[in-house]
Every structure is written in structure tokens, then in C-alpha cells.
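Asker: Have a look; sequence and predicted model below, questions after that.
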Amino acid sequence: MRIIVPVFFSLIALVALVFSLRNFQNVDIDFYFMTIHMPLALALTLELCVGIFIGFLGTFMHVIKLKSQYKLLDKKTRNTLRPDPE
């Protein structure tokens, strides 16, 4: 198992390198207020990074929501299970 993970990531890195070398032509990215000229591989890499960041942000917000629900339910459980003093 220790050898599979480095080999897998090495193959992915090799495919990414070949992709970026084969797609190095310039493209125009047109925003409404400006246009940027950059290589296609760089544009796709930036798009991938922004997508990963947005995905992590959404996941992080969901985890925060679940933690707050857990604290609320834990507090309710502790109050329910507490023995009544007589």
C-alpha cells in the first residue's frame, strides 16, 4: 500500500505535466470589465484551484453547522440524563 500512493500521485503529476506542455497556447479570458491573456494550462489550473477552494469552503461551513448541532444535542442529553436531587 505504501508504494501505491506515491506511484498514483506520480502518474497524476506526469499526466498534468504532459497536459500543460501540450496546451500552452494563449487564450483570452474575458471578464465584463477586462480581458486577460494567459496560457490555457494556467487558466485551467487556476479554475481547478478556485473550484477546490469553493468546495472546501462549502464543506467547512457544513462541518461548523454540524458541530453546533452536536453541541446543542449534547447539552440537551446532559440535562436529560442528570439525576434529580431529592
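Answerer: On my side now, so go ahead.
Asker: Where do the strands of the chain begin and end?
Answerer: 26-30, 35-39 (DSSP state E).
Asker: Give the burial count for residue 30, as a bare number.
Answerer: Counted by other Cβ atoms under 10 Å, the residues lying close to residue 30 total 9. From N, CA and C alone the C-beta is placed, and that goes for glycine too.
Asker: Can you check the pLDDT for it?
Answerer: Looking at residue 30, its pLDDT stands at 89.
Asker: wait, what's in contact with it?
Answerer: By Cβ atoms under 8 Å, 6 or more residues apart in numbering, the contact list for residue 30 is empty.
Asker: looking at the sheet around it, what are its partners?
Answerer: According to DSSP bridges, the partner residues bridging residue 30 are residue 35.
Asker: Quick check: it vs residue 17, distance?
Answerer: Separation of residue 30 from residue 17 (Cβ to Cβ, to the nearest Å): 28 Å.
Asker: before we move on, what about residue 81?
Answerer: In terms of Cβ to Cβ, residue 81 sits 58 Å off from residue 17.
Asker: No further questions, thank you.
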